[in-house]
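[1] kindly return the folded structure for what I paste below:
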Amino acid sequence: MDKITLRPFRAEDAPWLVAQHGALYARDEGFDETFAVLVAEILADFIAAHDPECEAGWIAEVDGRRLGSIFCVRLSGDIAKLRLFLLVPEARGRGLGRRLLETCMAFAKARGYHGMQLWTHESHRAACALYARSGWRLVSSRPVRSFGCDLVEQSWEVAFR
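    As a prediction, the model looks like this:
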């Protein structure tokens with residue numbers, strides 16, 4: 001991977017993000033179409049109402065080809081939420097996930113958030129290991145039926161000092 005850049009999310013990235021989330025999660029986890037619908041709703045809300053002073057999204061790309069994404073949105077006055085963290089398979093294992101996560105966390109800290117939260121599934125082992133290495137802690141875990149699958153839903157958080 002040559003010269004990967006992180007650039008701000010643009011509205012025209014939304015269809016790609018919805019398609020990638022839908023295809024990758026269907027292929028890798030057996031998720032049904034309701035997951036892509038959720039991603040589309042999250043992106044539509046972000047495009048329509050995000051506050052650029054305290055919320056941002058990034059797209060990782062090389063030579064104009066998108067490789068991944070991450071978003072920081074306001075959850076409450078002093079807590080941010082990490083959303084839509086994705087890497088295409090060919091971009092994994094090269095430190096790009098860590099770079100995206102560090103960028104998102106640094107943004108949240110710089111905007112005065114005291115911490116962050118995220119929601120994921122236990123099956124995302126590489127991402128969960130990255131969260132743990134980056135100071136996040138697992139705060140809850142429960143079995144659910146979502147997106148046509150039996151999953152173990154997890155909530156993670158990190159406090160900034």
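
[2] pretty sure Ser103 is touching Ile70, no?
    For the record, residue 103 is Thr, not Ser. Yes. Distance between Thr103 and Ile70: 7.1 Å, which falls inside the contact criterion (C-beta atoms under 8 Å). In this view, the C-beta of every residue, glycine as well, is placed from N, C-alpha and C.

[3] where do the contact lists of those two overlap?
    The overlap between the contact sets of Thr103 and Ile70 (C-beta atoms under 8 Å, 6 or more residues apart in numbering) consists of Trp58.

[4] higher neighbour count, the two?
    When neighbours are counted by other C-beta atoms under 10 Å, Ile70 comes out ahead of the other of Thr103 and Ile70, with 26 against 16.

[5] could you list the residues in contact with stretch 151-161?
    Contact with stretch 151-161 is made by 29, 105, 108-109, 113-123, 128, 131, 134-146, as judged by C-beta under 8 Å, 6+ apart.

[6] just how off-centre is the lowest-mean-pLDDT helix or strand in the chain within its chain?
    Each helix and strand of the chain was given a mean pLDDT (mean pLDDT, DSSP states H and E); the minimum falls on helix 125-133 at a mean of 93. Helix 125-133 sits 13 Å away from the centroid of its parent chain (C-alpha atoms, centre = their mean, to the nearest Å).
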